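In: mind folding the following:
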Amino acid sequence: MQSFRTEIENPIVQKDVIELANKIEQFHKGKIDEEKFRSLRLARGVYGQRQEGVQMIRIKLPYGKVLSNQLRRICEVSDEYSRGRLHITTRQDIQIHYVDLNRTPELWAELERDDVTLREACGNTVRNVTASETAGIDPKEPFDVSPYADALFRFFLRNPICQEMGRKFKVSFSGTEEDTGLSYMHDLGFIAKIENGVRGFKVMLGGGLGSQPRHADELYSFLPSEKIIPLMEGVLRIFDRHGERKSRAKARMKFLLKDIGLEAFKELVEAEQNAIAQKTVVIDAESYKTSTPVEVEIPQVQIKNQKTFDLWKSTNVIAQKQEGYVAIGIKVLLGDFYTDKARLLADLVEKYAAGEIRLSLRQNILIPFVKEDALPFFYQELEKLGFVESGYNKAVDITACPGTDTCNLGIASSTGIAEELERVIKTEYPQYLEKEDLVIKISGCMNACGQHNMANIGFQGMSVRTKDKLVAPALQVLLGGGNLGDGNGRFADKVVKIPSRRGPEALRRILNDFEANANGKTFIDYYTDQGEKYFYDFLTDLSNVDNLTQEDFIDWGTEENYVKAIGVGECAGVVIDLIATLFLESEEKIENAKISFENEVYSDAVYHAYSSLVNSAKALLLAEKKKTNTHAKIISQFDEEFVASGKVQLEGTFADLIYQLQKNAPTRGFAVDYIKNAEQFLQKVQEFRAVEVENA
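Out: Okay, here's the model as predicted:
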């Protein structure tokens with residue numbers, strides 16, 4: 001532990017890392033319940049892997065921006081603690097796999113030396129804030145959304161209101177009306193707008209994918225930029241209090257919004273503003289540190305194959321609004337690349353561009369601020385790294401989650417079938433190297449990490465069973481989804497389920513029909529005109545499982561017979577705690593409240609105290625074998641079970657006590673009283689519990 005204590009300059013980060021090390025030690029000694037420990041490590045980016053005894057580490061990279069020094073640091077960590085492979089996710093993170101749990105604190109400490117964090121990359125927290133990878137360089141954008149995404153990320157990192165929610169919470173920023181940040185499928189989505197010279201955002205609320213995708217509602221057509229942080233704080237507070245906590249499948253924001261309705265939710269958020277310290281948070285975009293291109297002489301090179309170079313330029317080079325500069329897109333197969341190439345890429349962009357790369361939502365890399373006349377040189381250098389495959393963000397650029405390679409929830413291989421489908425397109429449909437109107441995405445299960453249900457053509461990993469009860473890997477074919485722009489989108493229809501080995505044939509039939517009959521329409525328009533039944537009719541024979549061959553029982557990318565094996569999902573598992581652990585947590589929350597109070601962050605102090613109050617009430621309810629769900633339900637249940645019956649004596653109701661945080665601004669005086677109330681309440685319930693145990 002001593003080795004990383006002294007190397008972290010930020011005391012807050014140092015405390016985080018030491019706490020993780022201490023909790024790991026306590027877990028090994030059996031002092032922390034396994035489920036509680038899982039919740040803690042997930043919020044620190046440490047995620048259980050399909051393979052026993054190792055962890056996946058998710059590195060949180062806000063809006064996909066990675067500086068050269070940060071990329072080199074990530075490479076060093078991956079080589080030292082993992083296997084030298086980096087995986088880009090559909091949320092602009094980087095994941096590394098096969099990490100020893102005991103080494104995660106020192107790994108985290110190493111990353112923090114270059115301001116790279118694991119904090120809240122997983123778990124029931126605000127996940128990585130994503131944004132258009134072209135933010136700051138897009139000719140169509142009204143302004144750069146990067147400073148706003150950065151400010152929001154920093155404001156809610158370690159914020160007590162979003163550390164232990166019922167489920168994860170996802171936020172995106174889109175720079176233009178094309179909505180490349182995909183706001184319609186996020187819990188909160190912001191689309192840049194300017195009204196009367198004022199910067200602001202169209203706000204979308206309550207979108208999501210998974211087994212039950214939901215299109216986000218428009219919360220505001222325009223919200224000034226200084227209101228976005230107070231708004232999100234209000235949304236998170238309501239989600240934390242009223243969101244489902246018992247049933248993981250119904251614990252996302254989209255279900256809460258569906259249950260209570262948009263207007264009722266909006267009223268709750270507006271009422272919550274009384275408790276929010278800052279009614280406006282002005283974001284100083286001018287002082288945001290942007291990367292600047294270097295001034296250096298570019299070596300002259302001779303292109304050997306002009307035709308290949310021209311194709312690459314037509315598909316992988318993107319115009320910037322900065323005159324004389326372009327961005328280069330690197331197509332990264334399945335989002336996987338290796339540290340040897342990543343280091344050379346970091347050196348290249350540092351010396352000849354702006355010293356940064358952007359990770360995209362389609363698991364690719366974008367290099368901004370490349371001089372136009374440097375394109376031949378960059379092509380030559382990227383070719384040495386194997387980074388000049390044409391088709392960036394085109395049909396041949398298939399998105400896929402890790403699936404059964406490493407994920408506990410994977411049902412069928414997504415990476416294996418993705419590689420095969422890309423091969424089919426390259427060899428049989430080369431025209432799609434340049435076409436932009438086809439988006440293909442694959443997920444290994446219904447949770448949609450590969451975003452299959454918002455694709456033009458999507459595949460979801462499943463299984464099929466024969467009459468003889470043999471199980472084979474399968475794919476659900478989904479068609480007709482896509483991004484329509486300005487907060488509007490369409491989710492794909494489930495058309496047919498087929499054995500996985502027939503995936504390539506299904507794709508051929510779909511593309512052949514599209515080529516023959518679309519007459520220039522986009523795939524979404526063509527699918528909409530033809531209808532689901534049209535596609536079902538010419539694909540349904542592929543679903544027949546009476547004629548499976550031995551090959552059909554072997555999934556893509558493997559040589560062994562398929563076995564359906566699903567582990568315990570860890571994306572945001574609901575935690576069921578022991579009573580003693582809950583009381584201990586309540587004490588820790590009060591201690592955190594006092595620390596925040598000493599630092600004069602009174603809003604945090606009040607919320608830590610609120611969390612302690614709810615936690616203490618939950619402990620007593622669980623001790624009485626009462627089922628608990630939302631925070632709001634815990635509060636009302638406690639009044640019914642303990643206060644109304646006289647078992648626990650309070651001056652008023654528990655609701656009166658706890659909901660003071662809604663009615664009072666988080667001042668110093670109120671924080672003092674509220675923390676004291678939380679301490680006294682914890683003491684009362686602990687005493688009640690002690691008597692109950694003694695009399696049992």
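In: got a list of what the closest residue to residue 604 other than its chain neighbours touches?
Out: Nearest residue to residue 604, sequence neighbours excluded (CB to CB, 6 or more residues apart in numbering): residue 596, at 3.9 Å. Heads up, the C-betas are built off the backbone N, CA and C, glycines and all. For residue 596, the contacting residues are 160, 602, 604, 605, 608, by CB atoms under 8 Å, 6 or more residues apart in numbering.
In: of those residues, closest to residue 536?
Out: Nearest to residue 536, judged by CB to CB, of those is residue 160 at 49.8 Å.
In: which one is that closest one nearest to, not counting chain neighbours?
Out: residue 607 (4.3 Å).
In: per-residue confidence at the one you found?
Out: pLDDT recorded at residue 607 is 96.
In: what's the helix or strand for it?
Out: helix 602-623 (DSSP states H and E).
In: chain center to that helix: distance?
Out: On the basis of CA atoms, centre = their mean, to the nearest Å, helix 602-623 sits 27 Å off its chain's mean C-alpha point.
In: cool, and stretch 101-112?
Out: Distance of stretch 101-112 from its chain centroid, counting by CA atoms, centre = their mean, is 21 Å.
In: with stretch 591-611 instead?
Out: On the basis of CA atoms, centre = their mean, stretch 591-611 sits 28 Å off its chain's mean C-alpha point.
In: and it, end to end?
Out: From its first residue to its last, stretch 591-611 covers 12 Å (CA to CA, to the nearest Å).
In: ok, the residue lying closest to residue 621 once chain neighbours are set aside - contacts?
Out: Of all residues not flanking residue 621 in the chain, residue 628 sits nearest, at 5.3 Å (CB to CB, 6+ apart). By CB under 8 Å, 6+ apart, the residues touching residue 628 are 245, 246, 618, 621, 622, 634, 637.
In: check residue 13 too.
Out: 112, 117.
In: so where does it fall, helix or strand?
Out: helix 11-28.
In: average pLDDT for that helix?
Out: On average, helix 11-28 scores 90.
In: and that helix, which residues are buried?
Out: 13, 14, 16, 17, 18, 20, 21, 23, 24, 27 (16 or more other CB atoms under 10 Å).
In: of those residues, which is the nearest to residue 87?
Out: For the buried residues of helix 11-28, the nearest to residue 87 is residue 20 (22.0 Å; CB to CB).
In: test my guess that that closest one contacts residue 103.
Out: No - counting by CB atoms under 8 Å, residue 20 stays clear of residue 103, with 11.1 Å between them.
In: in contact with residue 299, which residues?
Out: Shown in contact with residue 299 (CB under 8 Å, 6+ apart): residue 377.
In: assign it to helix, strand or coil.
Out: coil (DSSP: H, G, I helix; E, B strand; the rest coil).
In: any idea how far it lies from residue 368?
Out: 20 Å (CB to CB, to the nearest Å).
In: next one: residue 109
Out: 30 Å.
In: and if you look at residue 179?
Out: Shown here: residue 179 relative to residue 368, a distance of 20 Å by CB to CB.
In: same question, residue 58
Out: Remark: distance between residue 58 and residue 368 (CB to CB) = 24 Å.
In: which residues are in contact with stretch 435-444?
Out: 393-395, 398-404, 407, 409-414, 417-418, 421, 432, 449-452, 454-461, 482, 507, 522-523.
In: list the contacts of the residue nearest to residue 137 when sequence neighbours are not counted.
Out: Here the nearest residue to residue 137 in space, its sequence neighbours aside, is residue 320; by CB to CB, 6+ apart that works out to 4.2 Å. Listed by CB under 8 Å, 6+ apart, the contact partners of residue 320 are 137, 138, 139, 326, 327, 368, 369.
In: can you check residue 643 too?
Out: Residues near residue 643 by CB under 8 Å, 6+ apart: 650, 653, 654.
In: distance check, it against residue 473.
Out: Counting by CB to CB - residue 643 and residue 473 are separated by 54 Å.
In: now residue 637
Out: According to CB to CB, residue 637 and residue 473 sit 44 Å apart.
In: isn't residue 514 up against residue 525?
Out: No - at 11.0 Å, residue 514 does not count as touching residue 525 under the criterion of CB under 8 Å.
In: and these two? which has more neighbours close in?
Out: residue 514 (20 against 14; other CB atoms under 10 Å).
In: check what pLDDT the more buried one gets.
Out: 95.
In: quick one: buried residues of the helix or strand hosting it?
Out: Using DSSP H and E, residue 514 falls within helix 503-517. For helix 503-517, the neighbour count (16+ other CB under 10 Å) marks 503, 504, 506, 507, 509, 510, 511, 513, 514 as buried.
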